[in-house]
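Novice: Below are the sequence and a predicted model for it; my questions follow.
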Protein chains: 4
Amino acid sequence: MIEIDKYSRTPIYEQIVNAFEQLIASAELKANDVLPSVRMLSQQLSINPNTLQKAYAELERKGLCYSVPGSGRFISDDAQNKVFGKKGELLQELKAIAEELRLFKVSLEEVIETVRAVY
Amino acid sequence: MIEIDKYSRTPIYEQIVNAFEQLIASAELKANDVLPSVRMLSQQLSINPNTLQKAYAELERKGLCYSVPGSGRFISDDAQNKVFGKKGELLQELKAIAEELRLFKVSLEEVIETVRAVY
Amino acid sequence: MIEIDKYSRTPIYEQIVNAFEQLIASAELKANDVLPSVRMLSQQLSINPNTLQKAYAELERKGLCYSVPGSGRFISDDAQNKVFGKKGELLQELKAIAEELRLFKVSLEEVIETVRAVY
Amino acid sequence: MIEIDKYSRTPIYEQIVNAFEQLIASAELKANDVLPSVRMLSQQLSINPNTLQKAYAELERKGLCYSVPGSGRFISDDAQNKVFGKKGELLQELKAIAEELRLFKVSLEEVIETVRAVY
DNA sequence: GTGGTCTAGACCACG
DNA sequence: GTGGTCTAGACCACC
């Protein structure tokens, strides 16, 4: 369900946040779905529970989930709306990369072709 | 000539490496051109000489320049060839972003339009 | 475990790199063994943490170890294979010295005797 | 006659000193032979005259040559004797290399064979 | 003037 | 606790 690269430069907790945002975006996680418990998921991913805790706290801060003490943690009603705010950031990154590619004199055609290949 | 964002997440020394790679790619720096001295450029960018030293060491490691102690630092003969190896990495990044955008259900048209705007 | 000569012409960080390469070569350090932390070892050798950091970065660059930020630094799986590539370099140096000795009209017997004394 | 590697880690002036020591050792330069003038040789090697000056000063300091103002610079009578003092240093280096090779588990036979190939 | 190395000490993010 | 980065300032050898 979620894959972690321990050796990546992007922090583990951020990888987790990204993963959940994608799951929400692709509607694999819907409003009021329950998230895996910290203990279970941290064990399953063999990461430090503190790290997962931090990821969940971040998701909460972003309003993508809420916790019900003694019961669990659930996806917010408006999670999917909020997560699409990330679209802008991604497009921003896309522009940055495209800008660099232009400086490296890569043709527009080649760039578009590369993008099209993914879709 | 070079602009540094002190608060960026990417380390200063890496920003500098990228900047020089671009200057080489765009042929603003050619083989055997002399690079600005450590002291001068570090002062001009108001960063620590050590930080710049680290950036220059990295460029050297990549074979993009060579240093002649007591004399200066110069662009390698084959710097431009080497730097174009970076094109592949950038296209790789592009694919990763495009992949994410697809997961966020951004239409292919919108992505291409964004790219085209940069060129 | 490691000995540093502060006054040697070869930089401290390079002495450290060499020391670790030998420890790997002699299998005193094996794959996935943890390296001493920057703080601890720098204190023990009474050198600056930055200097040790530089040595460790070099080992990493050579693919002899990898770091997991917040966790530690570990010997690579294929470290021992890589380090044996150094054998060739050493034999190269040996030839250079022998060549010089020949120019100085040192007899082959004396050279061989000197070598044999070390083994 | 003399070859310089501008990019070597050993300083240029030291390369020159070494070169002359070898020429003396191999008797290509004998007592009272004249050395090339600073201006001529520095031009021929396309190095800075100051650098050559420093090399000559070093040779003089070692008693391998003497200068006669207005006339030139000449090899000392006992230059060849003195230069053979370097034999000890070279044997020292040889031992250091052999020691390292032993740590890298290179067999004595292979080491001796490598040495023999040079002679 | 140049590059190379080192020390001392600080701050940050991560686990 | 860990590694990563940065600053400030020093010293050296070399050209």
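Specialist: Good, I have the coordinates.
Novice: Tell me which residues of the helix or strand hosting A:Val17 come out buried.
Specialist: A:Val17 belongs to helix A:12-25 when assigned by DSSP states H and E. Of the residues in helix A:12-25, A:12-13, A:15-17, A:19-25 count as buried by neighbour count, 16 or more other C-beta atoms under 10 Å in any protein chain shown. In this view, the C-beta of every residue, glycine as well, is placed from N, C-alpha and C.
Novice: ok now do A:Val106, which residues does it touch?
Specialist: Going by C-beta atoms under 8 Å, 6 or more residues apart in numbering or on different chains, A:Val106 touches B:87, B:90-91.
Novice: try it again with 10 Å
Specialist: Going by C-beta atoms under 10 Å, 6 or more residues apart in numbering or on different chains, A:Val106 touches A:98, A:100, A:114, B:25, B:84, B:87, B:90-91, B:94, B:119.
Novice: and it, that's in a helix?
Specialist: No: counting by DSSP: H, G, I helix; E, B strand; the rest coil, A:Val106 falls outside a helix, being coil.
Novice: if you average pLDDT over the top helix by length along chain A, what comes out?
Specialist: Ranked by residue count under DSSP state H, the longest helix found in chain A is helix A:86-103. Helix A:86-103 shows an average pLDDT of 89 in the prediction.
Novice: which one is the residue most central in space within chain A nearest to, not counting chain neighbours?
Specialist: Nearest to the geometric centre of chain A sits A:Asn18, at 1.4 Å (C-alpha atoms, centre = their mean). Nearest residue to A:Asn18 in three dimensions, chain neighbours excluded: A:Thr10, at 7.9 Å (C-beta to C-beta, 6 or more residues apart in numbering or on different chains).
Novice: Checking the one you found next. Helix, strand or coil?
Specialist: Following three-state DSSP, A:Thr10 is assigned to coil.
Novice: Pull the contacting residues for A:Met1.
Specialist: Residues in contact with A:Met1, defined by C-beta under 10 Å, 6+ apart, are A:19, A:23, A:28-29, A:36, A:41, A:44-45.
Novice: Any of the residues you listed buried? List them.
Specialist: A:19, A:23, A:29, A:36, A:41, A:45.
Novice: For chain C, state which of the residues you listed is nearest.
Specialist: A:Leu45 (14.8 Å; C-beta to the nearest C-beta).
Novice: how close does that closest one get to B:Glu58?
Specialist: For A:Leu45, the distance to B:Glu58 (C-beta to C-beta, to the nearest Å) stands at 33 Å.
Novice: swap in A:Ser107?
Specialist: From A:Ser107 across to B:Glu58, the span is 29 Å (C-beta to C-beta).
Novice: which one of these two has more residues nearby?
Specialist: Neighbours per residue, other C-beta atoms under 10 Å in any protein chain shown: of A:Ser107 and B:Glu58, the larger number sits with B:Glu58, 16 against 11.
Novice: Check that one and give its pLDDT.
Specialist: On pLDDT, B:Glu58 comes in at 93.
Novice: Can you point out the buried residues in the helix or strand hosting it?
Specialist: In this structure, B:Glu58 is located in helix B:49-61 according to DSSP H and E. Of all the residues in helix B:49-61, those buried under the rule 16+ other C-beta under 10 Å are B:51-52, B:54-59.
Novice: Leaving out sequence neighbours, find the closest residue to the residue of chain A positioned farthest from its centre.
Specialist: Distance from the C-alpha centroid of chain A, by C-alpha atoms, centre = their mean, peaks at A:Lys105 (31.5 Å). Computed as C-beta to C-beta, 6+ apart, the closest residue to A:Lys105 that is not its neighbour in sequence is B:Ala25, at 7.0 Å.
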